[in-house]
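*Asks:* show me how the following folds:
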Amino acid sequence: MSITKIYSDTVKSNHCQGSYRPRYFDYTEFRLTEVIFESVFFKDSDPEMKLLQSNFSFAYLREDKLRTIQAFDSNNEMVEFEKFTDRLKIDIQSTNLFKTGKYLSRIFRPSRYGGFYKGIRILNNHSIPGSKIDGLSLISVDLAKSLGVNDAVPNQSAQFTLFYKGGLVKGHCVYSDKITADVVIYGSDNIKSEIRFNSDHFYIAIEPVKLSNQLRLDIQSMLNLWSLFGQEQYFTWAVNGINQFQRSLKAGDLSKWFDNLSEIKPSQYDETAWTLQKAIWHKIDYRMFPGLVRQAWSIFRKSILSYAENSKSTPVFRIPVPEGKRGYFRLDIRKHNQNGDLQKSEMVTNTELDRFGNIWIHPDIIEDFLAVKGGADLDDSAGVIPIEDGKAVIYRNPNQFGEYGIHSISYDGFSPSVVNKVIGYVPYKKQLITKSDKKQKLTGNRLFDKYAAKVSAAATISYTRDNLIRTYAKISTNSANVGLAANAEMIRSSIGISNKSLMKMLIRNYNWNLERVIDSTVKEGMNCDDDMAAVSDMQTFVVENSIPLPKSIIHRLPERLSDKALTADYHPLDELFEAIKLLIHKADIDILGSGSVSKGNRVRGYIDTLEIPLIQIGIANNSNQMLDAAVNLLSDYNKSVAVMMDRTEDLPVFVREIKRREEIETIQQSLLEQFNQYTESERIDIIKCWAYEIYRSDRAVHDSILWIRGIADYTIQMLANIGVAHHIKRNGSINRYHEIKPNEHKVDTIRLWSKESIDASALSKEASVLIENRKALIGDSELNVGDECIIRDGIYSISRTVQSISRKNRGVVLRNSITLYLQ
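*Replies:* Modelled structure (predicted):
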């Protein structure tokens with residue numbers, strides 16, 4: 001039986017990102033033309049006031065925000081709130097509006113692969129206990145291909161959403177070529193019946209996941225695993241990671257990493273805003289251009305060290321782990337029959353990581369394996385750190401102290417080239433049964449227990465704005481608790497680095513359960529007062545007893561305590577972070593150099609040594625009629641940047657970085673507004689002039705103007721025209737080709753001069769000029785026509801007026817001469 005996909009419309013939305021779009025709204029029967037999403041964050045806005053208003057079609061709550069939707073029909077009228085769920089065929093039987101919001105967001109979110117089907121064959125398989133396979137399903141390879149994953153093969157996996165009349169299935173799936181059904185769902189617990197699709201059709205969306213060969217250790221994991229790996233090994237990881245990237249950068253490896261042109265659709269090319277990616281697609285050797293090398297280094301640098309954009313502007317570190325991988329927990333279901341029944345696993349180790357990113361776990365150990373990872377599900381991602389003796393440290397992200405495991409592991413399709421060394425021990429976390437874990441107890445009376453179950457199941461809440469307000473009121477006070485508790489755990493772990501016995505005492509005396517704190521946010525009004533009291537009491541105890549804290553952690557205390565906390569004179573965490581900052585600063589200079597050519601304090605870096613294709617650019621730039629306009633734009637831009645850099649020079653480094661980023665965006669926006677006034681051919685000639693003027697000078701490293709978003713596409717096109725890059729053709733398929741294309745458009749200009757100074761801006765509004773006997777009348781000014789200009793007497797329309805540029809002394813602005821661009 002073939003899989004039948006139903007034709008859908010393409011509804012306009014502000015929630016699209018490249019090929020990702022909210023595909024659920026495309027269903028033809030909904031008769032929608034546009035959906036507009038808005039997020040109202042708890043900490044910044046007033047969600048309650050928004051709910052009291054009625055200028056939206058629907059709303060739902062998430063962990064930190066209220067999300068509203070405006071849906072418009074074919075008459076451009078907004079669908080009313082009371083009619084929204086009926087129109088979109090969503091049946092809600094909720095006992096918890098917050099949890100329902102989580103489910104709704106799953107079907108509303110943008111997806112790359114998704115659509116509506118009829119006749120999907122679903123098999124509900126109860127052969128495996130839910131504790132072993134929570135969150136995991138099987139789908140056929142044919143179904144994955146029908147969704148657009150043309151290269152789908154067995155054992156690949158994806159995020160998975162199925163919405164049908166039985167309810168919502170969300171989690172992950174594994175592709176199978178063995179099952180006879182289209183979808184195998186394991187057990188009823190994987191079907192969320194709180195929302196159902198009132199249709200005989202099926203909405204299915206998948207997002208393929210894959211093995212990540214780059215594992216970054218965040219601050220929380222770094223602290224929790226400190227005793228396993230230690231300060232010096234962490235620093236060695238940072239050194240190795242930075243050195244390896246520098247080698248790869250200089251070897252041109254990024255072109256191999258990012259050149260996936262054969263895998264994208266024509267629409268994805270147009271939607272891509274990442275300049276380095278596009279340059280590589282066009283076969284530009286990024287090692288020829290300082291701006292592209294700077295972008296490449298910036299991406300890697302930010303993956304290790306960035307600054308949080310908050311009032312404290314605190315540094316955020318992520319250490320690259322040698323041969324570390326990121327994958328996803330999976331019960332080993334590779335050997336199954338046509339119904340999805342599990343057959344005997346042939347694994348020789350407890351775990352196996354394959355080339356698709358699946359962390360296969362032996363069925364005999366999976367329950368204990370997941371329990372020590374904080375009760376992880378089979379749609380959770382995890383870090384894998386290879387260590388000696390064929391083992392690996394495996395942990396879920398995010399994690400708490402002790403939520404990890406050391407497991408024997410094998411690798412399918414690859415093997416790590418290096419392993420890391422465990423130097424200590426972190427005790428495994430003991431799993432505690434919390435109030436939220438406990439199921440409703442049975443009384444033993446069959447009649448009463450049956451009645452109680454019915455009453456509990458029937459206690460649904462109407463999905464109204466009134467009840468959304470009540471739900472928001474219950475959960476809003478708890479929304480910040482998760483962060484407070486997580487920060488407290490990091491404070492406690494940092495203390496344990498230098499004083500393990502003190503940390504044990506804090507755990508013993510101030511015990512809270514983070515899962516219960518999380519549940520208090522995601523489950524309406526669940527009480528975590530005792531947990532948060534323990535968090536607050538521990539923080540107060542630490543401060544009042546002058547327990548020294550690393551300065552890199554103190555900002556995680558509440559403001560009422562942070563100013564009173566004692567900063568450690570020396571702490572291994574601070575020393576590590578300071579060493580990493582120094583390491584990155586050294587790498588900045590190695591790659592980018594430092595200082596400014598104009599100020600005479602330039603320290604050369606790798607970008608100062610690049611072999612820029614100056615000859616090709618110079619030959620193509622010969623007789624460029626846009627010289628005057630181009631140099632004026634370039635000069636104004638450089639002045640604005642220089643003034644901004646001087647004004648922010650003395651700010652603290654973290655404030656300076658954020659301030660400069662904000663101001664450079666304003667300067668670039670102003671440049672783009674001027675640049676976009678020119679025709680496409682004129683823009684390419686302007687960029688050609690910029691490139692030659694910059695690269696022929698001793699300021700070649702300062703070429704950022706060429707790679708600004710909105711300008712970079714023209715830079716790439718110019719380089720393709722002169723043969724330094726390839727063109728890309730998009731006509732149903734996408735292909736590269738190499739062809740030199742001379743710019744044949746003609747620009748008419750005349751130069752006017754006077755013995756007195758002339759201000760081009762004062763004449764910029766003049767629309768015409770009268771030429772007679774080598775004199776020019778423009779506005780109230782009579783000027784001379786340049787000797788090199790050949791022009792007949794007459795009246796000419798002016799498109800723009802700029803200050804003239806000296807042809808002898810390139811880049812020098814002539815104050816007594818202007819250039820007119822004629823229409």
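
*Asks:* quick one: the helices in the stretch 251-400 of the chain, in order.
*Replies:* Counting by DSSP state H, counting those that start in this stretch, the stretch 251-400 of the chain has these helices, from start to end: 253-258, 266-271, 275-281, 290-304, 366-371.

*Asks:* what is the longest one packed up against?
*Replies:* It stands for helix 290-304. On a contact count with 3 or more C-beta pairs under 8 Å, 6 or more residues apart in numbering; DSSP states H and E, helix 290-304 meets helix 226-251, helix 275-281, strand 319-320, helix 572-592. Bear in mind the C-beta positions are built from the backbone N, C-alpha and C, glycine included.

*Asks:* who wins for proximity to residue 45 among the helices of the stretch 251-400 of the chain?
*Replies:* Residue 45 lies closest to helix 290-304 among the helices of the stretch 251-400 of the chain, at 27.9 Å (C-beta to C-beta).

*Asks:* give the burial count for residue 704, as a bare number.
*Replies:* For residue 704, the neighbour count with other C-beta atoms under 10 Å is 17.

*Asks:* give the contact list for it.
*Replies:* By C-beta atoms under 8 Å, 6 or more residues apart in numbering, the contact set of residue 704 is 291, 294.

*Asks:* looking at the helices of the stretch 251-400 of the chain, which is buried most?
*Replies:* helix 275-281 (a mean of 22; mean count of other C-beta atoms under 10 Å).

*Asks:* what does it contact?
*Replies:* With C-beta under 8 Å, 6+ apart, helix 275-281 has contacts from 254-255, 258-259, 261, 269, 272, 286, 289, 292, 295-296, 299, 707, 709, 712-713, 716, 725, 728, 736.

*Asks:* again, only this time at 6 Å
*Replies:* By C-beta atoms under 6 Å, 6 or more residues apart in numbering, the residues outside helix 275-281 that reach it are 255, 258-259, 261, 272, 292, 295-296, 707, 712, 716.

*Asks:* ok, now stretch 757-766?
*Replies:* Residues outside stretch 757-766 that contact it (C-beta under 6 Å, 6+ apart) are 778-779, 801-803, 815-816, 818.

*Asks:* output that stretch as PDB - backbone C-alpha positions only.
*Replies:* Extracted as PDB, the C-alpha positions of stretch 757-766 are listed here (Å, rounded to 0.1, in the frame of the first residue of the first chain):
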ATOM      1  CA  SER A 757      35.600  74.900  -2.300                       C
ATOM      2  CA  ILE A 758      32.400  73.100  -3.400                       C
ATOM      3  CA  ASP A 759      30.200  71.100  -1.100                       C
ATOM      4  CA  ALA A 760      28.500  68.200  -2.900                       C
ATOM      5  CA  SER A 761      26.000  67.700  -0.200                       C
ATOM      6  CA  ALA A 762      24.700  71.300  -0.600                       C
ATOM      7  CA  LEU A 763      23.900  70.500  -4.300                       C
ATOM      8  CA  SER A 764      22.700  67.000  -3.800                       C
ATOM      9  CA  LYS A 765      19.000  67.900  -4.200                       C
ATOM     10  CA  GLU A 766      19.500  69.600  -7.600                       C
END
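
*Asks:* now do residue 314, the pLDDT please.
*Replies:* Predicted confidence (pLDDT) for residue 314: 65.

*Asks:* now residue 782
*Replies:* Reported pLDDT at residue 782 in the predicted model: 94.

*Asks:* what's the nearest residue to it if we skip its chain neighbours?
*Replies:* Excluding the flanking residues, the one nearest residue 782 by C-beta to C-beta, 6 or more residues apart in numbering is residue 775, at 6.0 Å.

*Asks:* give me the neighbour count for that neighbour.
*Replies:* Per other C-beta under 10 Å, the neighbour tally for residue 775 reads 13.

*Asks:* among the contacts of helix 275-281, show me the least confident.
*Replies:* Lowest confidence among these: residue 272, with 77.

*Asks:* contact partners for it?
*Replies:* residue 278.

*Asks:* any idea how far residue 327 is from it?
*Replies:* Separation of residue 272 from residue 327 (C-beta to C-beta, to the nearest Å) stands at 27 Å.

*Asks:* with residue 160 instead?
*Replies:* From residue 160 over to residue 327 the distance is 16 Å, taken as C-beta to C-beta.

*Asks:* what two of the contacts of helix 275-281 are the furthest from one another?
*Replies:* 261 and 707 (19.4 Å).

*Asks:* and the next helix or strand past the helix or strand of the chain at the bottom of the mean pLDDT ranking?
*Replies:* Every helix and strand in the chain was compared by mean pLDDT, DSSP states H and E; the lowest is helix 446-458, with a mean of 66. Using DSSP states H and E, the helix or strand that follows helix 446-458 towards the C-terminus is helix 465-475.

*Asks:* what's the average pLDDT for the longest strand belonging to the chain?
*Replies:* Counting residues, the longest strand in the chain under DSSP state E turns out to be strand 794-805. The average pLDDT within strand 794-805 is 94.

*Asks:* show me the shaky parts of the stretch 401-550 of the chain.
*Replies:* Applying pLDDT under 70 to the stretch 401-550 of the chain flags residues 430-443, 452-458, 521-526.

*Asks:* what are the ranges of the helices in it?
*Replies:* In the stretch 401-550 of the chain, helices defined by DSSP H, counting those that start in this stretch lie at 446-458, 465-475, 481-498, 500-509, 514-522, 529-544, listed in chain order.

*Asks:* please name the residues that touch residue 648.
*Replies:* Applying C-beta under 6 Å, 6+ apart, the residues near residue 648 are 656, 659-660.

*Asks:* possible to save those as a markdown table with neighbour count?
*Replies:* Shown next, in a markdown table, are the contacts of residue 648 (neighbours: other C-beta atoms under 10 Å):
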| residue | neighbour count |
| --- | --- |
| 656 | 16 |
| 659 | 16 |
| 660 | 17 |
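
*Asks:* want to try JSON lines for those, with distance to residue 51, pLDDT and secondary structure as columns?
*Replies:* Output for the contacts of residue 648, formatted as JSON lines (distance: C-beta to C-beta, whole Å; pLDDT from 0 to 100; DSSP: H, G, I helix; E, B strand; the rest coil):
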{"residue": "656", "distance to residue 51": "40", "pLDDT": "85", "secondary structure": "helix"}
{"residue": "659", "distance to residue 51": "36", "pLDDT": "88", "secondary structure": "helix"}
{"residue": "660", "distance to residue 51": "39", "pLDDT": "89", "secondary structure": "helix"}
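
*Asks:* isn't residue 463 right up against residue 92?
*Replies:* Yes: counting by C-beta atoms under 6 Å, residue 463 touches residue 92, with 4.7 Å between them.

*Asks:* which of these two has more residues huddled nearby?
*Replies:* Between residue 463 and residue 92, counted using other C-beta under 10 Å, the more crowded position is residue 463 (22 against 16).
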